[in-house]
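> Requesting a structural model of the entry that follows:
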Amino acid sequence: MSLVSTRTIMDRATGRGSGQGAFNVIHLETVEGLIAGAEEAGLPLILQISENCAKYHRGLEPLALATLSAARSAGVDIAVHLDHAESEDLARQAVDLGFGSIMYDGAHLDYAENVASTARVREYAHAAGVYVEAELGKVGGKDGAHAPGVLTDPQEARDFVAATGVDALAVAVGSSHAMTSRDAQLNLERIAALHAALEVPLVLHGSSGVSDANIQAAIRSGMTKINVSTHLNGFFTRAVREYLEAHPDIVDSRKYLGAGRAALVPEVARLLTLFNTAERTS
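Got it, this is the predicted structure:
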């Protein structure tokens, strides 16, 4: 148990028909808190570093090396994944650094260029044995939109996977990134149709805006990888705020960041267990 390939974790989840949590890294304290939560649950976890996170840290390599090192000493299986990379160069860098998977996001491109660029990234990654996720059908952003017009079409998804050779597909089914409320309504019929049309696992982005019950229903309908960031960031931030309010004279940042790190542990364990226990019946 330690650093493993994303394929190992995803194959296990798809074989069971259960959900698999993939939680975003912001800084080293979140790496430590997320791993501790996975260890408490006794379940595997995919740690994700986004392109935006790499930009915040002024480069991918420093945080990536720390995350990979922490994963190697974990008490459960941990994979490391590059999330929402719109840069082909960044995707290749993650492959070279030893990531278990990359998510290349060409959804902002027109269909033909999305296919071409995704295929280039997949070819490079597969040569190194790295698992590749892509996106088709734009998932809503910070405006919180859930427009039905952006839902992923099952036939187009099948054609896209065949043309690109990716291993997993992030689909638009009603969720939206960066939501702080959990009232997004997923289109379960569309998830079931996509699951029936594809042989690769489905990925749910924007899961922070979806209720526990709706996520479990999505898993039972055919969703596998469940990405969470904003929801867990809220636990971290609230704990830091509470600590600073209770200790207004504190200057040692380890104290309040430690409170944030500790606050992640039970919620990470709860979510991983929630996803793991929701299994498809067919």
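> Only C-alpha atoms from now on, for both contacts and neighbour counts.
OK.
> Which other helices and strands does the strand ranked longest in the chain contact?
Identified as the longest strand of the chain according to DSSP state E is strand 78-85. If you count contacts as 3 or more CA pairs under 8 Å, 6 or more residues apart in numbering; DSSP states H and E, strand 78-85 packs onto helix 6-16, strand 45-50, helix 51-56, helix 61-72, helix 88-97, strand 101-104.
> then it to PDB, C-alphas only?
Output in PDB follows, covering the C-alpha atoms of strand 78-85 (Å, rounded to 0.1, in the frame of the first residue of the first chain):
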ATOM      1  CA  ILE A  78      -2.800   6.500  -3.400                       C
ATOM      2  CA  ALA A  79      -2.600   7.600  -7.000                       C
ATOM      3  CA  VAL A  80      -1.600  11.100  -8.200                       C
ATOM      4  CA  HIS A  81      -3.500  12.700 -11.000                       C
ATOM      5  CA  LEU A  82      -3.200  15.900 -13.100                       C
ATOM      6  CA  ASP A  83      -6.600  17.600 -13.200                       C
ATOM      7  CA  HIS A  84      -8.000  19.900 -15.800                       C
ATOM      8  CA  ALA A  85      -4.800  20.500 -17.800                       C
END
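> what does it contact?
By CA atoms under 8 Å, 6 or more residues apart in numbering, the surrounding residues in contact with strand 78-85 are 1-6, 9, 35, 44-51, 67-68, 71-72, 91, 94, 99-105.
> what is the rounded mean pLDDT of it?
Computed over strand 78-85, the mean pLDDT rounds to 96.
> Check the offset of it from the chain's centre.
Using CA atoms, centre = their mean, to the nearest Å, the mean C-alpha position of strand 78-85 is found 7 Å from that of the whole chain.
> tilt between it and helix 6-16?
Using axes from the mean of the first three to the mean of the last three CA atoms, to 10 degrees, the direction of strand 78-85 lies 100 degrees away from that of helix 6-16.
> got the angle between strand 78-85 and helix 61-72?
Angle of strand 78-85 versus helix 61-72, following the same axes, to 10 degrees, is 150 degrees.
> one step back: point out the most buried one among the helices and strands packed on strand 78-85.
Among these, judged by mean count of other CA atoms under 10 Å, the one packed with the most neighbours on average is strand 101-104 (a mean of 28).
> which one of the helices and strands packed on strand 78-85 lies closest to Ile215?
Nearest to Ile215 among the helices and strands packed on strand 78-85 is helix 6-16 (15.1 Å), distances taken as CA to CA.
> Contacts for that closest one next, please.
19-20, 44-46, 77, 79-81, 100-101, 130-131, 201, 224-225, 279.
> try 6 Å
Helix 6-16 has contacts (CA atoms under 6 Å, 6 or more residues apart in numbering) with 79, 100-101.
> go on, stretch 119-132?
100-103, 164, 166-167.
> That concludes my questions; thank you for your assistance.
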